[in-house]
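Colleague: Next input, structure requested:
(one chain, ligands or ions: 1)
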Amino acid sequence: MSDRGEVVEEGATGRRGFLAVLGGLTVAWLAAVAWPVFRYLSPRPPPDPFGGEGKALVKGVAPGDVARPGQGSNGSYGGRGLVVFRGPDGQLRAFDSKCTHAGCNVQFQGDRIYCNCHGGTYDLEGRNIAGPPPRPLTPLRVTAEGDSLFVSPMSS
Ligand code: FES
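Modeller: Residues are numbered from 1 along each chain as shown. You can find the predicted model right below:
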């Protein structure tokens, strides 16, 4: 019994303290397990295909492959696909090859850019003209430097 006449159970305070510590440790353990799972499952921003340098080397297509109007090919840059070709006006053009419908790789076909997955069709300006693609292809600025082609974002 306390000074004020209350009945105090000696073990109750000790048990409450132990349960509070046990609860805190449980929460800490759950957080330690859940955080790595959350980080693993949360989406990350895609890597910059230009690697912070503002331009990327085109692999799989050389300047000689697109020397004449109507010539073009698929290649890659910074881990992504692209189509590069010389248009009927003699201008060198490049687009990221990721179709704006569901992400398949489009193919240069001389007079158009075509997606085999669902029949999406783009004109040589990259505009979606037939099929399900909702938006134009992403254009890239392409330049020839010696024996190599480089692409950079149109906005730079
Ligand atoms: S992914 Fe290209 S048309 Fe569907």
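Colleague: C-alpha only now, for contacts and for neighbours.
Modeller: Will do.
Colleague: all strands of the chain, in order?
Modeller: 56-57, 72-77, 80-86, 92-96, 107-108, 113-115, 120-122, 128-130, 139-145, 148-153 (DSSP state E).
Colleague: Nearest to Pro46, out of these?
Modeller: Pro46 lies closest to strand 80-86 among the strands of the chain, at 10.8 Å (C-alpha to C-alpha).
Colleague: The closest one to strand 72-77, inter-axis angle?
Modeller: 150 degrees (axes from the mean of the first three to the mean of the last three C-alpha atoms, to 10 degrees).
Colleague: give me the number of residues near Pro45?
Modeller: Per other C-alpha atoms under 10 Å, the neighbour tally for Pro45 reads 6.
Colleague: how much space is there between the spatially most central residue of the chain and the ligand?
Modeller: The centroid of the chain falls nearest to Pro46 when counting by C-alpha atoms, centre = their mean (3.5 Å). Here the distance between Pro46 and the ligand works out to 19 Å (C-alpha to the nearest ligand atom, to the nearest Å).
Colleague: distance of that residue from Gly79?
Modeller: The spacing between Pro46 and Gly79, counted by C-alpha to C-alpha, to the nearest Å, is 11 Å.
Colleague: Val37 too?
Modeller: Between Val37 and Gly79 the computed distance is 27 Å (C-alpha to C-alpha).
Colleague: Gly72 contacts Asp111, doesn't it?
Modeller: No. The pair Gly72 / Asp111 is not scored as a contact, 10.3 Å apart, by C-alpha atoms under 8 Å.
Colleague: Which residue of these two possesses the greater neighbour count?
Modeller: Remark: of Gly72 and Asp111, Gly72 carries more neighbours, 23 against 12, as counted by other C-alpha under 10 Å.
Colleague: Tell me the bridge partners for that one.
Modeller: Gly72 has these beta-bridge partners by DSSP bridges: Phe85.
Colleague: Make sure Arg135 is actually in contact with Thr100.
Modeller: Yes. In this structure, Arg135 is within contact of Thr100 by C-alpha under 8 Å, at 5.9 Å.
Colleague: okay, the two: which has more neighbours?
Modeller: Neighbour count, other C-alpha under 10 Å: between Arg135 and Thr100, Thr100 has more, with 20 against 14.
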